[in-house]
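Visitor: Following is a predicted model, sequence given first.
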Amino acid sequence: MTIDRLVCGFAGSVVLISLVLSQVYHPLWLVFTAFVGANLLQSAFTGFCLIAKLFKAIGIKPGAAFK
């Protein structure tokens, strides 16, 4: 599995988990959804993604998007 797929999977998981938590516990859990969306947007323009750097540091093979 490449960093690209892991980043997408991680972001999608955080979004879905925060959506469930907002429905079960409190709407403020949607702050995590907003954070993930903002991070995805800024990484599209800057090319910087912290979780991609962390995955690269632990030795996961980079894909085409995050090198």
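Guide: Received it, and whenever you're ready, just let me know what you need. Numbering: from 1, shown residues only.
Visitor: which residues of this protein score low on pLDDT?
Guide: Where the chain drops to pLDDT under 70, the residues are 66-67.
Visitor: could you point out the longest helix in the protein?
Guide: Of all the elements of type helix in the chain, the one with the most residues (DSSP state H) is helix 3-24.
Visitor: helices and strands around it, which ones?
Guide: Packing partners of helix 3-24 (3 or more C-beta pairs under 8 Å, 6 or more residues apart in numbering; DSSP states H and E): helix 30-46, helix 50-57. Yep, even glycine has a C-beta here, placed from its N, CA and C like the rest.
Visitor: Of all the ones you listed, which one is nearest residue 11?
Guide: Nearest to residue 11 among the helices and strands packed on helix 3-24 is helix 30-46; the distance by C-beta to C-beta comes to 5.2 Å.
Visitor: Can you give me the buried ones in that closest one?
Guide: Using 16 or more other C-beta atoms under 10 Å as the test for burial, helix 30-46 gives 32, 33, 36, 39, 43.
Visitor: still on that earlier bit, will you turn the helices and strands packed on helix 3-24 into CSV that also has distance to residue 7?
Guide: Shown next, in CSV, are the helices and strands packed on helix 3-24 (distance: least, C-beta to C-beta, whole Å):
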stretch, distance to residue 7
helix 30-46, 8
helix 50-57, 5
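Visitor: nearest to residue 18, of the ones you listed?
Guide: Residue 18 lies closest to helix 30-46 among these, at 3.8 Å (C-beta to C-beta).
Visitor: What distance do you get for the residue nearest the centre of the chain to residue 61?
Guide: Nearest to the geometric centre of the chain sits residue 11, at 3.0 Å (C-alpha atoms, centre = their mean). Counting by C-beta to C-beta, to the nearest Å, the gap from residue 11 to residue 61 is 19 Å.
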